[in-house]
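Participant: got a predicted structure here, sequence first:
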Amino acid sequence: MKILITGAAGQIGHRVVRHLAARHHVVAAIRAGDISGIECVTMDIAEPLSVRIAVDHVMPDAVVHCAAMTNADECEKNHTLCRRVNVDGTRALAEESARVGARMVYVSTDLVFDGQKGDYAETDVPNPLSYYAETKLAGEQVVAAISAGYAIARTAIVFGKGGIPPRGFVCWLVESLRAGKKVQLYTDQYRSHFYLGDCAAAIGLMLENNLTGLYHLSPGRKESRHAFGMVLAEKLGLDRSLIETIRMEDLAMDAKRPRDCSLANGKFVSATGFEPTALGKSLEYLKSEFEE
C-alpha cells in the first residue's frame, strides 16, 4: 500500500512511519524538515489548502491520521487553535481522503472517557472531561460521517522513545530521573500504559487486516502512574527514591484528567490475534531505546 501518515514527527506517528516503511510505500506528512530515509511531504493540518495539496501529491491508498494538538492544558487555554487542528483539520483530511478513495485510520485517545469505571470497551459511552478530549471525540465523529471504510484507533497512553525530537511522559520521566530530579506521580490515577512499538504494530494490523469501525488499542491491563514509574525506574536502573507520591487533588491543572481511563482490548485481540508485550519485556525494549 501507499500510506500517507500525518503527524509523522510526533511520538506515535514517527514510530508508525518506521514500522510500516518496512513493508509499504510510506509518505510522512510533516510541517517542516524531513525524516531520514523516508519520503516526506509538507502538510499543515490546520490549513485545508495544504492538506489538499499534500493528498493530491501523494494519492495514497490509505491515510493514518496521527497529527493533533495533544497538550491538554494548552488545548484548554486555546480552544480556537485546538478545534482548528483536531476537528477542522481532521474534517479536511477526511474529505480529501474520501475524494481520492483512500481508507482512513484515525488515531484517537483513551481520554474520551470520564474515568468513573475503567476497563472501557468500545460499547461504553464517552464523556470527555477536557477540551482536548472533546475535540478528539468530535474528530472520531467527523471521520465516521465522511470516510467510507474508516477505522478509529483509540489508543491507551503510550510509552517509548519516539518523535523528532523524542517526547512524551516517559522521556520526561527518564530524563528527570537521570538528572537526579525529583518527580511526582499519581497513586490514584490509572492508565493502560501501552508500549509504543506495540501501538505502531497494532495500527499496522488495523490497516493490513482491513479493519473498519472502532477499536481500543491497549495492553489490556492497568497500573497507577506511580506504580508504573516505580517499575520503570527499577528496570532502567534509575533512582526510585526520586519518585514521590501525589494524589490527583494535590495538583491544579487547566485540563481535567480522568481517574481511570484504562482500556479493554478484547475486540481488537479477537479480530487480529494481537499479543501485547508483557510490561517487563517492553521495559527491556525501552531500556535499549534509551541506550542507543
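Facilitator: Thanks, I have it. Predicted model, so just to flag it, every value in this text is computed and none were measured.
Participant: could you use CA atoms for every contact and neighbour count after this?
Facilitator: Will do.
Participant: where is the longest helix in this structure?
Facilitator: Longest helix of the chain, by residue count under DSSP state H: helix 131-146.
Participant: next structured bit after that one?
Facilitator: strand 151-155 (DSSP states H and E).
Participant: counting by contacts, list what the helix or strand just after that next one packs against.
Facilitator: Later in the chain than strand 151-155, the nearest helix or strand by DSSP H and E is strand 158-159. For strand 158-159, the elements it packs on are strand 194-195, helix 196-208, judged by 3 or more Cα pairs under 8 Å, 6 or more residues apart in numbering; DSSP states H and E.
Participant: what lines up beside strand 158-159 in the sheet?
Facilitator: Partners of strand 158-159 in the sheet, by DSSP bridges, are strand 194-195 (parallel).
Participant: show me the contact partners of the longest helix of the chain.
Facilitator: 69-72, 75-76, 79, 82-83, 86-87, 90-91, 94-95, 98, 104, 106, 108-109, 111-112, 126, 128, 150, 152, 255 (Cα atoms under 8 Å, 6 or more residues apart in numbering).
Participant: so which of the helices and strands packed on strand 158-159 comes closest to Ile3?
Facilitator: helix 196-208 (9.5 Å; Cα to Cα).
Participant: could you check that closest one and say which residues are buried?
Facilitator: By neighbour count with 16 or more other Cα atoms under 10 Å, helix 196-208 contains the buried residues Leu196, Gly197, Asp198, Cys199, Ala200, Ala201, Ala202, Ile203, Gly204, Leu205, Met206, Leu207.
Participant: now do stretch 20-35
Facilitator: Applying a neighbour-count criterion of 16+ other Cα under 10 Å, one finds Leu20, Ala21, His25, Val26, Val27, Ala28, Ala29, Ile30, Arg31, Asp34, Ile35 buried in stretch 20-35.
Participant: of all the residues you listed, which comes closest to Leu211?
Facilitator: Distances from Leu211 to those, taken by Cα to Cα, are shortest for Leu20, at 16.2 Å.
Participant: any idea how far Glu244 is from the closest one?
Facilitator: From Leu20 across to Glu244, the span is 39 Å (Cα to Cα, to the nearest Å).
Participant: which residue is the nearest non-sequential neighbour of Asp110?
Facilitator: Ala156 (5.3 Å; Cα to Cα, 6 or more residues apart in numbering).
Participant: that neighbour: how many residues sit nearby?
Facilitator: If you count neighbours by other Cα atoms under 10 Å, Ala156 ends up with 27.
Participant: and the one 10 residues further on, by the same measure?
Facilitator: Burial measure for Pro166: 15 neighbouring residues, criterion other Cα under 10 Å.
Participant: OK, contacts around the residue nearest to it when sequence neighbours are not counted?
Facilitator: Take Pro166 and drop its neighbours on the chain: the residue closest to it by Cα to Cα, 6+ apart is Gln11, 6.8 Å away. Each residue near Gln11 by Cα under 8 Å, 6+ apart is listed here: Lys161, Gly162, Gly163, Ile164, Pro166, Arg167, Gly168.
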